[in-house]
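# Here is my input, please return the structure:
(2 chains)
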Amino acid sequence: MRYHRWFTPWVLVIPALAWLLVFNLWPSINTVILSFTNARPIGGGYFVGLKNFETLLHDEQLRWALLNSVIYMVVCLPFLTVLPLLLAVLVEKKLPGITFFRTAFYTPVVASAVVVALIWQWILDDRGLVNGMAEKLGFISGPLPFLSDQWLLLLSAISLTIWKGLGYYMIIYLAALGNVGRELHEAAAVDGAGPLRRFVHITIPGVRGTMILISILISVSALRVFSELFILSGGKGGPGGRDNSVVMLIQQYSQGFEGNLGYASALSIVLFFVTVVPMLVLARLNRRGAEA
Amino acid sequence: MSVVTDPARPAVVEAPGKPPARRRGSFGFNTVSPREKVVRYLLLAFVLLITIGPFLWQLSTSLKGSGEDIYTRIPRLLPSQPTFSHYKEVTDTIPVLDYARNSLVVAVLVVGGNVIGASLAGFAISRLQFRGRRIVLGLFLATLVLPGEVTIISQYVTVREFGLANTLVGVALPGMIGALNVLLMYNAFRALPLEVDQAAIVDGANAWQRFVYVALPSVRGTISVIAIFAFIGAWDDFLWPLIVLTDPNKYTLTVGLQYLSGTFSNNPRLIAAGTMIAFIPIVIVFATLQRFFFKGVEEGAVKG
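The predicted model follows:
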């Protein structure tokens, strides 16, 4: 039995549905269409067949970008699955002032990636805090080129991403920890299990599902990295453009007279397939774990 | 509550007022031993230094006088010649306040659109029966696997077709009703007991009245989380405004900052002042609203 006129739900749903169709579904289809054209940022363009995809195969910058993305993901994954969980355990107990600490730990998440990248750019500068202190303490004789060496720049961006992500995943774990039965912890404590054993045998299995979800989020966002690398490299993508990410390449092709939205769309399709892989792998892992 | 206890070691029942005897190494659940407290606060202070330290360093740099050596080997956190002159210089050279206003316009549009659009749709999908409901829900779910960057180019093409390239409305428009927010509202409304709706129907309430007077007041936590995230997301966004905006007068703060850092690359004090202008408002917004945010987290509004 219905208690409303047939069109009422549609009136409520239509704005959101219209947005979904115009700004999500249609662009997904249009990305595929555009990838077969040489559309320009200002308009125009015509069908060029598979030319963009042929260019992809020989694009050296794309090869570097894909390598960087994989390194980004592989380094971020262990740090960002483990450290935020430890933080969540640390701020879980309601000590006096804990709200202050939770809020403070979340601050890097709230700040724009552009803001934090500019802050780190200054800290990692040749004459910045890190190099200055390291030289003072005698660890190094000259400044380390954090922002101009291909690999150090990538590593700097990765550390920035990890630092900025700590609070975000901490909050997700914190919500999950609330669902881990307190009785289990109490029972284990009574049976003589120390904090470490309880962490390994109760906390970790209790947040297993969240951990897999978080791994997916970390992998996908590592593959989508843009602002950190863009700002730290001054928008240039490092020496010889070898510190680009796939999204940085997409952005570069989206602008100016040299811009090519067709090729940018082909790159977007590459990005889509790259991000789908970790999702499928981890979703499979999740299913197998649930059956076991 | 069922607590499994080993008969050989009965559970310690904590007497109020008297600290319970406890074996070394394990910690209690309602009380915290002094030693554990010290360790916990030390660790908290250490993490605090790591997370907040860089911001304080930047704030300090922005306040250091032009005559002060900011490159010393021994870092000084407190400026010896504190001054606000760099803030003045930044706002004089580059229209940072206009950028801030542009960011605010975009953020307000995005927050308004999401709060209204997502709650309307979330309510309809979770509380009203209609043909095609499952398909609609499936469509919203399907878009979650698609990273926004994948469609950003064709989104730009769509916005350009609307004649909104290089406008603030063009920046705000695509994000005004997020699929994830619709699903969050759907989840929040679904958690309300059906009996409440039935009682309202018996009392003669129509769908709109049930939405406004019954459902909405119960999901305030989720709405505030959506509003906070929408605001932060719009204020901090960089890639999309960078693609849409070409005219420096229309830049939002993040794009403007990037422009500023290129202009003043030889004076870290000025860049620091610029970053603080972008950072401080969002921190104030978050610090005032964090109560609602953490309450929303406890209600389960944040699940990634």
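# make it CA atoms for all contacts and neighbour counts henceforth
Noted.
# Now the stretch 101-250 of chain A against chain B: closest residue?
Nearest to chain B, among the residues of the stretch 101-250 of chain A, is A:Ser112, at 4.3 Å (C-alpha to the nearest C-alpha).
# Grab the nearest non-local neighbour of that residue.
Spatially, and ignoring its direct neighbours in sequence, A:Ser112 is nearest to B:Asp236 (4.3 Å; C-alpha to C-alpha, 6 or more residues apart in numbering or on different chains).
# I'd like to check which residues are in contact with the one you found.
A:111-114, B:254 (C-alpha atoms under 8 Å, 6 or more residues apart in numbering or on different chains).
# 7 Å - rerun?
A:111-112, B:254 (C-alpha atoms under 7 Å, 6 or more residues apart in numbering or on different chains).
# do the same with B:Val38
Applying C-alpha under 7 Å, 6+ apart, no residues contact B:Val38.
# Check B:Ile94 too.
B:Ile94 is in contact with no residue at all, counting by C-alpha under 7 Å, 6+ apart.
# From B:Leu128, how far off is the residue most central in space within chain B?
Centre of chain B computed as the mean C-alpha position; nearest residue by C-alpha atoms, centre = their mean is B:Phe229, 3.6 Å away. Distance of B:Phe229 to B:Leu128, given as C-alpha to C-alpha, to the nearest Å: 27 Å.
# Likewise for A:Ser268?
37 Å.
# Could you check which of these two has the larger neighbour count?
Using other C-alpha atoms under 10 Å in any protein chain shown, the more surrounded residue of A:Ser268 and B:Leu128 is A:Ser268, with 27 against 17.
# And what about that one, helix, strand or coil?
Three-state call for A:Ser268 (DSSP: H, G, I helix; E, B strand; the rest coil): helix.
# Check what pLDDT it gets.
The model reports A:Ser268 with a pLDDT of 95.
# my read: it touches B:Val150, true?
Yes - contact criterion C-alpha atoms under 7 Å: A:Ser268 and B:Val150 qualify, at 4.7 Å.
# Can you check the pLDDT for B:Glu299?
B:Glu299 carries a pLDDT score of 65 in this model.
# returning to what we had before: now for the residue of the stretch 101-250 of chain A closest to chain B, how many residues are close by?
Here the number of neighbours of A:Ser112 (other C-alpha under 10 Å) works out to 26.
# From A:Pro41, how far out is it?
Taken as C-alpha to C-alpha, the span from A:Ser112 to A:Pro41 is 27 Å.
# residues in contact with the residue lying closest to A:Tyr169 once chain neighbours are set aside?
What sits nearest to A:Tyr169 in space, not counting adjacent residues and going by C-alpha to C-alpha, 6+ apart, is A:Pro84, at 5.7 Å. Contacts were defined as C-alpha under 7 Å, 6+ apart; by that measure A:Pro84 touches A:166-167, A:169-170.
# Adding secondary structure and pLDDT, write these out as a markdown table.
Below are these laid out as a markdown table (DSSP: H, G, I helix; E, B strand; the rest coil; pLDDT from 0 to 100):
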| residue | secondary structure | pLDDT |
| --- | --- | --- |
| A:Leu166 | helix | 95 |
| A:Gly167 | helix | 94 |
| A:Tyr169 | helix | 94 |
| A:Met170 | helix | 94 |
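# Just give me the neighbour total for A:Tyr46.
As a burial measure, A:Tyr46 scores 12 neighbours (other C-alpha under 10 Å).
# Quick one: residues contacting it.
Contacts of A:Tyr46 by C-alpha under 7 Å, 6+ apart are A:37-39.
# Helices of the stretch 151-292 of chain A, residue ranges please.
Along the stretch 151-292 of chain A, counting by DSSP state H, counting those that start in this stretch, helices occupy A:182-190, A:195-198, A:204-206, A:208-223, A:227-232, A:246-253, A:261-291.
# likewise the stretch 1-150 of chain B?
With DSSP H, counting those that start in this stretch, the ranges of helices along the stretch 1-150 of chain B come out as B:34-63, B:85-93, B:96-127, B:133-142.
# most tightly surrounded among these?
Among the helices of the stretch 1-150 of chain B, helix B:96-127 has the highest mean neighbour count (mean count of other C-alpha atoms under 10 Å in any protein chain shown), at a mean of 22.
# on contacts alone, who are the packing partners of that one?
Here helix B:96-127 touches helix A:8-20, helix B:168-172, helix B:179-190, helix B:220-236, helix B:253-263, going by 3 or more C-alpha pairs under 7 Å, 6 or more residues apart in numbering or on different chains; DSSP states H and E.
# Residue numbers of the stretch 51-200 of chain B in contact with chain A?
Within reach of chain A by C-alpha under 7 Å from any C-alpha of the partner chain, the stretch 51-200 of chain B has these residues: B:51-52, B:54, B:58, B:71, B:73-75, B:117-118, B:120-121, B:124, B:128-130, B:143, B:149-151, B:153-155, B:174, B:177, B:179.
# which residues touch the residue positioned nearest the centre of chain A?
Nearest to the mean C-alpha position of chain A, by C-alpha atoms, centre = their mean, lies A:Ser221 at 2.1 Å. With contact set as C-alpha under 7 Å, 6+ apart, A:Ser221 has no partners.
# From B:Arg210, how far off is it?
Distance from A:Ser221 to B:Arg210, by C-alpha to C-alpha: 39 Å.
# What residue in the stretch 1-150 of chain B comes nearest to chain A?
Closest point on the stretch 1-150 of chain B to chain A, by C-alpha to the nearest C-alpha, is B:Ala121, at 4.3 Å.
# isn't that residue right up against A:Leu12?
Yes - assessed by C-alpha under 7 Å, B:Ala121 is found in contact with A:Leu12 at 5.4 Å.
# confidence score at B:Arg73?
We note a pLDDT of 65 for B:Arg73 in this prediction.
# Sorry, slip of the keys, the one I care about is B:Phe55.
With respect to pLDDT, B:Phe55 has a value of 95.
# same check, this time on A:Tyr72
Listed pLDDT for A:Tyr72 reads 95.
# after the helix or strand where it lies comes which helix or strand?
Following DSSP states H and E, the helix or strand that holds A:Tyr72 is helix A:60-92. For helix A:60-92, the following helix or strand on the C-terminal side (DSSP H and E) is helix A:98-110.
# where in the chain is pLDDT low?
Picking chain A for this. Chain A contains residues with pLDDT under 70 at A:1-2, A:289-292.
# I was after chain B.
For chain B, the ranges with pLDDT under 70 are B:1-31, B:72-74, B:298-304.
# Spell out which residues make up each domain of it.
Chain B breaks down into these domains under automatic domain parsing: B:34-83, B:90-299.
# Would you agree B:Gly113 is in contact with B:Gly178?
No - assessed by C-alpha under 7 Å, B:Gly113 is found out of contact with B:Gly178, at 8.9 Å.
# just checking, B:Leu164 touches B:Leu173?
No - contact status for B:Leu164 versus B:Leu173: not in contact, 9.2 Å apart, counting by C-alpha under 7 Å.
# how much space between B:Phe140 and B:Val90?
As judged by C-alpha to C-alpha, B:Phe140 and B:Val90 stand 43 Å apart.
# Ok, A:Val115 next?
For A:Val115 relative to B:Val90 (C-alpha to C-alpha), the value is 15 Å.
# again with A:Asn38
Shown here: A:Asn38 relative to B:Val90, a distance of 41 Å by C-alpha to C-alpha.
# if we can go back for a sec, nearest to A:Ala188 among the contacts of B:Asp236?
Among those, A:Ala111 lies closest to A:Ala188 (C-alpha to C-alpha), at 40.0 Å.
# Spit out the contact partners of the spatially closest residue to A:Leu152 that is not a sequence neighbour.
Distances taken as C-alpha to C-alpha, 6+ apart place A:Phe146 nearest to A:Leu152, at 5.0 Å, with adjacent residues excluded. By C-alpha under 7 Å, 6+ apart, the contact list for A:Phe146 reads A:124, A:152-153, A:156.
# With neighbour count as added columns, please give those in CSV.
CSV is the format used below for the contacts of A:Phe146 (neighbours: other C-alpha atoms under 10 Å in any protein chain shown):
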residue, neighbour count
A:Leu124, 22
A:Leu152, 14
A:Leu153, 22
A:Ser156, 20
